[in-house]
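# Just need the structure, nothing else, for what follows:
(2 chains)
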Amino acid sequence: MWTRKASILGAGGVSLVLVGMMMSNFQMMVFGVAFVAFLAVNSWITGHGDIQVVRTLSADNLYKGDDLYVELEITNPSWRRTQQLEIYDNIPHEMKLRSGLNYMRVNLGPGETTRVRYVLRCPLRGHYSIGPISIRYRDSFNLFSQEMYVDHRSDLIVFPQVREIEEAMVRSRTPKMYTGATTLRTPGPGTEFFSLREYVPGDPFKIINWKAFARTGQLIVNEKCRDAVTDVFILVDSRDISRIGTVLKNPLEVGTVAAASLASYFIKRRDSVALAVYDERLSFLPPDTGDKQYFKILSSLAGVAPKGAMPLQAVTNALSSRFSRGSPVFIISALEGDGTTIPAIRDLAGRGHEVIILSPSSVDFERLVSRIPRTSYEVLKLERQNRLTALAGFGARVIDWMPDVELSQALLQVKMG
Amino acid sequence: MAVPNLSSVGNWLRSPSGKRMIALTLFYLTLGLLFSTVAGTYIVRSEVHQSAYGEDWNDLSSFRADIKEQGITTTSIVSSPLLLEEIQSPRDTVFVVSGIERDTISLPRFSADSSVIQLVEGLGYSTSEIEAISNFVERGGTIVVLDDFGYAQGLADDFGLGYSGHQLYDTQTWDPDLDFNYVWLNITNGFNYSSTSGSRTNTNPCLADADSDGTPDFLEGILGVPTSSDLALCSHRWDSITATYNMDPGYDLLLNQPSAFDKDSAGENADDNLYPIGFSTQDAYLDTNNDGKLTVGFSGTDAGSDEQGPFAMYVKYCRSRNCDNPDSGRAYFVTDGSMLVNSIYDTEGVESGVYGEFNKTPDSNDNRRWALDLIAEALMSNDGNGSISEEAQVIFDESRHQQPSFMGDTYNLLYYILIYFTNDWMAMLLMFLGLFVLFEFIIIKKLDPEPWRHVFSIIYYGYGDSRRYEYYGRANKIKQILLTRVRNVNSLTREEFDALPARELQKMVNDPVLVKFIFEDRRYSMEEIIAVIKRIKTWGRR
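Numbers count the residues shown, from 1 in each chain, chains lettered A, B, ... in the order given. Here you go, the predicted model:
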């Protein structure tokens, strides 16, 4: 591509030639031809962007607000100099450059290598990709520039933050029936010893008690107590209306933090956690426990985006067959714009589920971005209180979560009917 | 490999990207078709006529060879006669126009009349070109214009002549050995400029004989047989076999399908130094009704008949009276574009088969002598020395001939435009404007690539429905919220609440202000609304 300088030089050269012809001025024509010739010669000696780039990230997955260390190693494998080479690593605009620069201007000799290091802060959860690498090379006189890409991308996931809520859960008025994995006095898969019994074909070798075998000469196996695990269901409202507020503070954003924190808390207690995200459709992660499930939940929460308007009753109806009997159900929703909320929660409570509603106060989130008249704000709040009171009246534990209140503090504010 | 089925192709065609691709393809096809149509007219090799650089029977190579043999530089103009303005020594230059086959390209120009700008040019040459040719003659140059039905009209107009544009049939001087298309133009003395001038052979160095001894002045004092250098540009008059010098001032010119000048414009006009020299016979007719036949009628009165002669066919213009000043410009106009083509000019070559086989060969004629005489008159000094300038040159106008080389016409067109834009005032003004616009465009539009830098930007998607705020400030909405609150606090279903008598509801509310608010249907001021809301907020807490 011609730069402005080259365009002016070219147009000037042609103009001088033409005006020189017009005025029969030989010197002017010579100047014009010299300009054009200068352009022509420089167009033959431009640099090149034939380089090799390797990007190294400090982590593939990180939590919202964490820092990411990035290093680019750039090598010129060609036998020619690159001339003026600009290298720019494309990073998502949602990430903040904390230190260093993702841009470098170099003139690499044959086989030469250089490095670019920078640190990114990731203030927003999500699935991101760093790259491709933009390259622009120019000639020495900055007359021509060419742009190209090195299609080298690095994917990473920014999980929602996970808050410590153990103390809050202990102190809160939420029911304690799901106290994590408990042992039952019946044989089965578990961790605690139950009894010894004779080996029967099919028993795995690893449960054979070799000491007893040495002592008695008979194959004896250890039996364990069966672990009872509670299934915890977390329903996250990701409807379009949940984006009320700012990009960093809105019901969905705080809801994902709450869901991640709850999942972390229960999985640490070896409970099974299921996650249902509803927006324009329902995404359901069946109950499971362990690190793998934890990663799945965080990944899923990292990718949620506000869209659609699926009613809560459609969600509870769709999941009714999957809910374990009596299992607790956490609903994280602003409870706005959905006329089915009350019947859905009434049905859930009626089927014996412990329903805990964590409801970010959408009116107060809206107030962060919109100037609500005082009277309207008070009336909106009254209406919201009516709704929460009604839900509490059906036996749900309702938490009215204000934007400036920490999750652990909010969990202590259970409102009961 | 999966073969796309028809439905997927159909789906793709209906998709926005498919439609866009089809539209783009059609656009470029149309553009290509237009370009190839226009360019094709310039790319196609064409048959060459009357070119000084062609070797065919209808080219002028023999004439050019004769000139070169005399040691005179020959060259050509392929772009535009505007270049004649650049010639430093027009006195030593002859510009030969043989057949104007192409019209000019009409480009706008300034005119001297009230219209200020002339958008359409005349036929043949553009006005600027005609001015350039005319100036060339003014500055002492010589032009030879040979044309019949071509585009010489504009140029002839500038000299006060008018080509009739009709074929001439001469019942007396047509050549019976060839056919009626070949007409002899017999000129007793080519230097009798007017009825009063007498013979002015002294204006031509080949015939100037001041002492009337039968030896031209430039050969006076040379003893024995003159050498070719002695003969200079008059060697064509020397017969080496008989060792005699031809002093005949008359010419028998053979013309092929000639036209003639209009009678009104080609009369004797000594005031304008315009001298008609060659005429057809009385029994010549111009095919004015264009029927391709000789239609004899009562001259000038019968509407359907052809016009009867005599007609001027060879006119000479001199800047000086009777062409007395050898340094003044001259213009020769003949109404036949083919009188110097090889098949007529070089009769010996035709007989020897240089130009292929012909059924009939033309008789020997004086076309060669006439042409070389005028070259001598233009380029040779008339002071008795017979000297020739080193800068003497003959330029053939090839700008109005089809070019034989590949893309030759395209090159000519581009060259023409270049010459036009650097010589014509209007074009120069347009070019200055164009250059100005180009620079402005570059300065405004041509931007250097933006420097790269990372911009941290979290898309702000603040969300709120401000339209509902007013609704939430209305008394009815507040009333509805109060009633819902009362119902919730008292754990009533909607049906139970609706069935409540008014007195029971008043008891439940137990606040005269709120009871009044529920039951009274009137407009409330803002202060009253605020007071009611405050009461509702505190109501549930009691």
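# Would you pull up the residue in the stretch 301-450 of chain B closest to chain A?
B:T422 (4.1 Å; C-beta to the nearest C-beta). All C-beta spots, glycine's among them, are computed from the backbone N, C-alpha and C.
# Show me what the helix or strand hosting B:N11 is packed against.
Using DSSP states H and E, B:N11 maps to helix B:6-14. Packing partners of helix B:6-14 (3 or more C-beta pairs under 8 Å, 6 or more residues apart in numbering or on different chains; DSSP states H and E): helix B:16-43.
# Check what pLDDT residue 52 gets.
I went with chain A, as the question did not name one. pLDDT, A:Q52: 92.
# You answered for a different chain; I wanted chain B.
B:A52 is given a pLDDT of 81.
# for A:H127, same thing?
On pLDDT, A:H127 comes in at 94.
# Could you double-check that it lies in contact with A:G303?
Yes. Counting by C-beta atoms under 8 Å, A:G303 is a contact partner of A:H127 at 5.4 Å.
# Would you mind telling me which of the two has more residues around it?
Higher neighbour count among A:H127 and A:G303: A:G303, with 15 against 12, using other C-beta atoms under 10 Å in any protein chain shown.
# Got the domain ranges for the chain?
Let's take chain A. According to automatic domain parsing, chain A is divided into the following domains: A:4-44, A:52-159, A:166-180+A:230-415, A:182-228.
# That was the other one, I meant chain B.
Taken from automatic domain parsing, chain B resolves into B:61-294+B:302-435, B:467-539.
# Let me know which of those domains is the nearest to A:R270.
domain B:467-539 (39.3 Å; C-beta to C-beta).
# Can you give me the end-to-end span of that closest one?
This stretch, domain B:467-539, spans 28 Å end to end (C-alpha to C-alpha, to the nearest Å).
# Any part of that domain near chain A?
Yes. For domain B:467-539, a contact with chain A is found by C-beta under 8 Å from any C-beta of the partner chain, at B:468-470, B:472-473, B:477-478, B:481-482, B:484-485, B:488-489, B:491, B:526, B:529-530, B:533, B:536-537.
# Equivalent analysis for stretch B:123-132, please.
No. Counting by C-beta under 8 Å from any C-beta, chain A is not contacted by stretch B:123-132; separation bottoms out at 13.2 Å.
# From the opening residue of that stretch to its closing one, how far?
With C-alpha to C-alpha applied, stretch B:123-132 spans 16 Å between its terminal residues.
# Also stretch B:495-514?
22 Å.
# Look up how far chain A lies from B:E520.
For B:E520, the distance to chain A (C-beta to the nearest C-beta, to the nearest Å) stands at 19 Å.
# Give me the nearest residue to A:L319, chain neighbours excluded.
Distance criterion C-beta to C-beta, 6 or more residues apart in numbering or on different chains; nearest residue to A:L319, sequence neighbours excluded, is A:A276 at 6.1 Å.
# continuing past whichever strand or helix holds the one you found, what's the next helix or strand?
Using DSSP H and E, the element containing A:A276 is strand A:272-278. Next along the chain after strand A:272-278, taking DSSP H and E as the criterion, comes strand A:282-288.
# Comparing the domains of chain B, which comes out most buried?
domain B:61-294+B:302-435 (a mean of 19; mean count of other C-beta atoms under 10 Å in any protein chain shown).
# Quick check: mean pLDDT of it?
Averaging pLDDT along domain B:61-294+B:302-435 yields 85.
# what's the first-to-last distance across that domain?
Terminal residues of domain B:61-294+B:302-435 are spaced 42 Å apart (C-alpha to C-alpha).
# again with stretch B:485-505
Stretch B:485-505: ends 12 Å apart by C-alpha to C-alpha.
# how far is that stretch from where the chain is centred?
Here stretch B:485-505 is found 96 Å from its chain centre; the criterion is C-alpha atoms, centre = their mean, to the nearest Å.
# which residues does B:G473 contact?
B:G473 makes contacts with A:P373, A:T375, A:S376, A:V379, B:I529, as judged by C-beta atoms under 8 Å, 6 or more residues apart in numbering or on different chains.
# So what pairs up with the residue nearest to A:K296 when sequence neighbours are not counted in the strands?
Spatially, and ignoring its direct neighbours in sequence, A:K296 is nearest to A:L285 (5.8 Å; C-beta to C-beta, 6+ apart). On the basis of DSSP bridges, A:L285 is bridged to A:L275.
# shouldn't A:L285 be in contact with A:A276?
Yes. Counting by C-beta under 8 Å, A:L285 does reach A:A276; the two are 7.4 Å apart.
# hmm, back to that, least reliable of the domains of chain A going by mean pLDDT?
Mean pLDDT per stretch puts domain A:182-228 lowest among the domains of chain A, at a mean of 79.
# Does whichever strand or helix holds A:T256 reach chain B?
Element membership for A:T256, per DSSP H and E: helix A:251-268. No. Contact of helix A:251-268 with chain B is not found when judged by C-beta under 8 Å from any C-beta; the minimum separation is 10.1 Å.
# what sits against A:Y137?
Taking C-beta under 8 Å, 6+ apart as the test, what A:Y137 contacts is A:T46, A:G47, A:H48, A:G49, A:T82, A:Q83, A:Q84, A:L85, A:E86, A:S145, A:Q146.
# Once you drop chain neighbours, what's closest to whatever residue of the stretch 1-150 of chain B ends up closest to chain A?
Closest contact between the stretch 1-150 of chain B and chain A, by C-beta to the nearest C-beta, is at B:E86 (7.4 Å). Closest residue to B:E86 apart from its sequence neighbours, by C-beta to C-beta, 6+ apart: A:S24 at 7.4 Å.
# doesn't B:Q88 make contact with the one you found?
No. Counting by C-beta under 8 Å, A:S24 stays clear of B:Q88, with 11.2 Å between them.
# Show me where the stretch 301-450 of chain B has its helices.
Listed in chain order, the helices of the stretch 301-450 of chain B (DSSP state H, counting those that start in this stretch) span B:342-345, B:347-351, B:367-379, B:408-421, B:425-445.
# Please name whichever of these is nearest to A:A309.
helix B:425-445 (46.0 Å).
# now the closest one against helix B:408-421, angle please.
Computed by axes from the mean of the first three to the mean of the last three C-alpha atoms, to 10 degrees, the angle separating helix B:425-445 from helix B:408-421 equals 90 degrees.
# Helix B:425-445 and chain A, are they touching?
Yes. Counting by C-beta under 8 Å from any C-beta, contacts between helix B:425-445 and chain A involve B:M428, B:M431, B:L435, B:L438, B:F439, B:I442, B:I443.
# Tell me if I'm right that the third one and A:S15 touch.
Yes. A contact is recorded between B:L435 and A:S15 when judged using C-beta under 8 Å, the distance being 4.8 Å.
# Can you say which helix or strand has B:D59 in it?
For B:D59, there is no host helix or strand (DSSP H and E).
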